[in-house]
Structure formats: structure tokens, C-alpha cells
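Chemist: For reference, the sequence and a predicted model appear below.
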Amino acid sequence: MQSALPDTAPPELLIIGHVTRDYIRGDTRLGGSASFAARVAATLGLRTALVTAAPADFDLMEPLRSLPNLSIHAVTTPDVTTFELDYSGPRRRVILLSRARSMLASDVPEAWRDTPMAYVANVAGECDRALIEGLRSKLICAELQGWLRKPGSNGVTGPMVAPEITTPPQGLRAAVFSEEDHPDAEALAEHLAHSGLTVALTRSSRGVTIRHGAERWDVPATPAREVDPTGAGDVFGIALTVALARGASAPEAARAAAAIAARVVEGPGLGNLTADDARHLPAARAS
């Protein structure tokens, strides 16, 4: 476990989910919504805690371990969740090669249990109802990707709808996913909105649709010179979570998140994102 945050400064943001090993066009990269979200939050200056699962010798995590503002608790597992992304056909194929064990509410260190906001970065079904309902954060947002796909016998993932989509966990306030995550994305977004969630359905360079109850807002993407869109949805999700937790309305939070995501797509890694981009977020409330 890494403890980068002083005892007098508890985390503002808790992130839970698998870091992953991604094979992309011959390259091996650190992946997973949790790793992208943690890097962005720490870069923006938020005191961030990451709970994940990976082997003790998973060297791809080194860039995370060196970040200021980020504390990591990694449950030691024999396997790391590993994906191969195949772009050879007309549509991207996502192949699950291995999976770390599921995350548990008991994996969260006691000192982090009352973190005000939580982002559940679910990529391989590792985060379930019991995990979310065991958290004590006032605002919980979930990345839904891991509840919308499952691997077949050859590891190639296909669409599914997990029970957590049909009946959302208690305590879940917001959800983020892409229109590419499921063929019925529009209907699922509407269902979740009528279940009481604030739902962000991202549409790449075409922006995002925000729903809550019967209300709907279409928020355009912030102009950017796109170089590498990898992780943009994860960046949007974590920024949306922070903005909502700090009191922004749903459309205000979406505009702030779009501005931050735009900086990330302007280059590899975190693109042109800097600590100055925290200006797009509402100010933190005095405790």
C-alpha cells in the first residue's frame, strides 16, 4: 500500500476498479478506467485514493505510484485484468484475456470509508451491487461499461445487461457510459434516468446527452484538436463526478467535464491537461 496523503489531509475522492494491462496494436499499456480517472484527479489537485487489485510486481502501475495527491491500496492478486484491443475489422473487438478478482467493500481501508465522493470504475464486472451499497460516500458515480459486456468462450466481449442496470444499487447517484458500449444504449440511459440517476451517455466528438428523470440536455463537446481519444470517457466521468459532488447542476457538470476531457484528447496520455484545468470545476466547499 502507498500512502501519499498526509494523515491530516484525508482523501476527497475515492476511485475503485481494476487497473488493466492493455495490448493495443503491438504495444502494452496501463489501462482501465480506474487508472485514467486517478491520473486525472491527481493532476487536477484532488486528494485521491485508489483501491484496485493487481499482482505485487505489476510494473505498469509505476507512473501512478509516483503521482502526488494519489494514495493507492492495491489488493494483491495472482492475475491482472488484461484486454487485447483488436482494430483489424470494421469495429473494435475487445478481448478479455485474464481477470483479477472482484472488488469488495471490505477492500477499502477504514480511513477512506467516509470519503465524500466515489467513482466506481467498472471495466470487467469487478464492481457489483454489494460493493456500491457498502460504500459511505455521499455521491457515488459508476462507469457502467463492465455491466454492459461479458466475454464469450474465446474472450471476445459481447453485449449484456447486468442486474445492476435493471435495478440500480441503492446509493448510486450518477452513471456514465458510451453509446458504443451497448446496442440499446439509448433505452438503457432512459431507464436509468427514470430510476433516479443522473446519466451521462457520451458520444465521442459529438458531445454527451445528460438525462435525469424526464429531463434531457444535449451538451456539445468542447472544441479540441484530437490526437488520441483514449480514456476521454473516463476523464469525462471523473470530472462529472467532482462537479456534481460540489453542487453543479447536471448540465453545468457536463460542460465542466467536457472542457477537461477536451484537453486530454489533444495528445497521448493526459494530452494537454494541467493543474490549471481545475478552474473548470466548481470550487470545493469549505468543510
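Modeler: Nice, I can see it.
Chemist: Quick one: low-confidence residue ranges for the stretch 1-150 of the chain.
Modeler: Within the stretch 1-150 of the chain, the segments meeting pLDDT under 70 span 1-8.
Chemist: can you give me the strands in it?
Modeler: Remark: strands assigned in the stretch 1-150 of the chain by DSSP state E, counting those that start in this stretch are 13-16, 20-24, 27-31, 48-54, 70-76, 81-86, 93-98, 117-121, 139-143, 149-151.
Chemist: List the contacts of the helix or strand following the shortest one.
Modeler: Following the chain from strand 149-151 toward its C-terminal end, the next helix or strand by DSSP states H and E is strand 157-159. Under the contact criterion C-beta atoms under 8 Å, 6 or more residues apart in numbering, strand 157-159 has outside partners 93-96, 148-152, 182-184. Bear in mind the C-beta positions are built from the backbone N, C-alpha and C, glycine included.
Chemist: farthest-separated two in those residues?
Modeler: Largest separation among the contacts of strand 157-159 by C-beta to C-beta: 95 and 184, giving 22.3 Å.
Chemist: quick revisit: just checking, which of the strands of the stretch 1-150 of the chain sits deepest inside the structure?
Modeler: Highest mean neighbour count of these: strand 117-121, a mean of 30 (counted as mean count of other C-beta atoms under 10 Å).
Chemist: Pick the one among the contacts of strand 157-159 closest to residue 176.
Modeler: residue 148 (11.6 Å).
Chemist: May I have the residues that are in contact with that closest one?
Modeler: Taking C-beta under 8 Å, 6+ apart as the test, what residue 148 contacts is 159-162, 165, 177, 181-182, 188.
Chemist: repeat that for 7 Å
Modeler: By C-beta atoms under 7 Å, 6 or more residues apart in numbering, the contact list for residue 148 reads 159-161, 177, 181-182.
Chemist: Among these, find me the one that's closest to residue 104.
Modeler: residue 160 (21.9 Å).
Chemist: Residue 172 against residue 142, yeah?
Modeler: Yes. Counting by C-beta atoms under 7 Å, residue 142 is a contact partner of residue 172 at 5.8 Å.
Chemist: which residues do the two both contact?
Modeler: residue 132.
Chemist: May I have the residues that are in contact with residue 124?
Modeler: Counted by C-beta under 7 Å, 6+ apart, residue 124 has contacts 18, 81, 96, 99, 146.
Chemist: From residue 22, how far out is the third one?
Modeler: The one in question is residue 96. Noted for residue 96: a distance of 11 Å to residue 22, by C-beta to C-beta, to the nearest Å.
Chemist: shared neighbours of those two, anything?
Modeler: Between them, residue 96 and residue 22 share the contacting residues residue 83, judged by C-beta under 7 Å, 6+ apart.
Chemist: Mind checking the strands of the stretch 1-150 of the chain for the one nearest to residue 252?
Modeler: strand 139-143 (14.8 Å).
Chemist: The closest one pairs with which strands, and in what direction?
Modeler: For strand 139-143, the pairing partners within the sheet under DSSP bridges are strand 117-121 (parallel), strand 172-178 (parallel).
Chemist: Same list (those) but as a markdown table, adding distance to residue 230.
Modeler: What follows is those, written out as a markdown table (distance: least, C-beta to C-beta, whole Å):
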| stretch | distance to residue 230 |
| --- | --- |
| strand 117-121 | 15 |
| strand 172-178 | 13 |
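Chemist: Please name whichever of the ones you listed is nearest to residue 237.
Modeler: Closest among the strands paired with strand 139-143, using C-beta to C-beta: strand 172-178, at 3.9 Å.
Chemist: what angle do the following helix or strand past that closest one and strand 172-178 make?
Modeler: Going down the chain from strand 172-178, the next helix or strand is helix 185-194, by DSSP H and E. Angle, helix 185-194 to strand 172-178, by axes from the mean of the first three to the mean of the last three C-alpha atoms, to 10 degrees: 170 degrees.
Chemist: how far away is the residue lying closest to residue 105 once chain neighbours are set aside from residue 241?
Modeler: What sits nearest to residue 105 in space, not counting adjacent residues and going by C-beta to C-beta, 6 or more residues apart in numbering, is residue 134, at 2.8 Å. Between residue 134 and residue 241 the distance is 18 Å, computed by C-beta to C-beta.
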